[in-house]
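Chemist: Sequence isn't available, so here's the structure alone:
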């Protein structure tokens, strides 16, 4: 129950940060989306071995972070949590590209380590900018801004409903986990069979809720 409840609280915190009243929060969402896309494209356009030329680009996310009053620890926790995917992709490079690119004092540095570091720096820059966009704008405003920018309405509505009902699905899962914990004693109720039953019930309840929402919208 703890993990599900923590996830529910975390999603609520993200929405809470989006309601702040700061300089960055008050900037038009369309402007923030365009700037973030241009920034991400600029980061990606650098050479795969570039590291030092990327460092000045940290000024943009730092500017947004300082002027939006988003806690640095909260942002870093989110980036580090998802960085495992970039790390998994990049960690093979040092073993593939073993050619020496230079030396740091007396230590040789291979091209693979350069590309690995470059990938991780790019990931921190782009994911940090994207998270700050979400935390300072909110998914509802992002969906409206994308719609105004000419993105197909079907796509923006699907994006909005996806993010909206993740919260509803998490709430439902939290209630089911709480009910399971109330009926369990010690480690009883933690087996794979119980997990399968919970997952099946969650799937059925999700379909039932979707049908109720569809009927209400009709």
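Modeler: Cool, the structure landed. Here the structure is a predicted model, which means the values were calculated and not measured.

Chemist: For residue 110, which residues are in contact?
Modeler: 94, 97, 98, 99, 100, 101 (Cβ atoms under 8 Å, 6 or more residues apart in numbering). Where C-beta positions appear, they are placed from N, C-alpha and C, glycine not excepted.

Chemist: low-confidence ranges in the protein?
Modeler: The chain contains residues with pLDDT under 70 at 1-13, 167, 184-195.

Chemist: all helices for this protein, in order.
Modeler: Along the chain, the segments classed as helices by DSSP state H run 2-18, 23-26, 29-44, 59-68, 72-90, 93-96, 111-137, 139-148, 153-183, 192-217.

Chemist: Show me what the third one is in contact with.
Modeler: This points to helix 29-44. 24, 54, 57, 60, 122, 125-126, 129-130, 133, 136-137, 141-142, 144-146, 148-149.

Chemist: if we go to 7 Å?
Modeler: 54, 57, 60, 122, 125-126, 129-130, 133, 137, 141-142, 144-146, 148-149 (Cβ atoms under 7 Å, 6 or more residues apart in numbering).

Chemist: Can you select the buried ones from these in ChimeraX?
Modeler: Under the burial definition 16 or more other Cβ atoms under 10 Å, those of those that qualify are selected in ChimeraX by:
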select :54,57,60,122,125,126,129,130,133,137,141,142,144,145,146
